[in-house]
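Asks: Pasted the sequence and its predicted model underneath.
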Amino acid sequence: MESGQQKAGELVSTATETAERVAEQAQVHVQRVEQAVGRWMDDNPIALGAVALAAGTALGLALPRTENEDPHGCARRSVQAAGTSASGADGGPAGGAPRKMLGRSQIRFQAPTRLLSSSP
């Protein structure tokens with residue numbers, strides 16, 4: 001009959017060997033994936049650029065706006081608030097929102113000074 005220490009030693013040895021095999025197999029799989037991705041990048045540079053652009057866009061959209069990027073933030077918020085009021089979603093009466101939006105707007109529009117003609 002085997003002693004408890006011998007049995008425990010065998011279990012540890014078996015577990016170590018199994019862990020080493022799993023690590024080796026994982027390393028082989030990682031190398032295969034690296035090679036496949038490398039080949040794909042070499043074969044499809046435009047697709048790689050599209051993936052990078054999409055990832056950058058997603059990251060940019062996930063970040064909050066800064067003050068420099070949002071100079072008309074006050075106007076935007078007042079337009080949003082007026083839109084909520086116009087829809088009656090805030091419980092207030094609908095109908096007075098267009099006057100509020102025009103009164104609070106910070107954005108100024110200029111008409112073109114001359115029209116372009118189609119003749120050369």
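Replies: Sure thing, it's come through.
Asks: Check which helices and strands the lengthiest helix in the chain sits against.
Replies: Determined from DSSP state H, the single longest helix within the chain is helix 4-43. Applying 3 or more C-beta pairs under 8 Å, 6 or more residues apart in numbering; DSSP states H and E, we find helix 4-43 packed against helix 45-62. For glycine as for every other residue, the C-beta is placed from the backbone atoms N, C-alpha and C.
Asks: The helix it packs on - what's its average pLDDT?
Replies: Here helix 45-62 scores 92 as its mean pLDDT.
Asks: other SSEs contacting that helix?
Replies: Helix 45-62 packs on helix 4-43, going by 3+ C-beta pairs under 8 Å, 6+ apart.
Asks: So which helix or strand of this structure has the lowest pLDDT on average?
Replies: The weakest-scoring helix or strand in the chain, judged by mean pLDDT, DSSP states H and E, is helix 97-104 (a mean of 48).
Asks: Surely Leu48 touches Gly38?
Replies: No. Look at Leu48 against Gly38 with C-beta atoms under 8 Å: they stay out of range, at 10.9 Å.
Asks: Near Ala81, how many residues? Count them for me, please.
Replies: Other residues lying near Ala81 total 15 when counted by other C-beta atoms under 10 Å.
Asks: Quick check on it: phi, psi?
Replies: phi -60, psi -40 (degrees, to the nearest 10).
Asks: Now do the domain split for this structure, please.
Replies: As assigned by automatic domain parsing, the chain contains the domains 4-62, 73-104.
Asks: Buried residues, stretch 7-15. List them.
Replies: Within stretch 7-15, no residue counts as buried by 16 or more other C-beta atoms under 10 Å.
Asks: Good, we can wrap up now.
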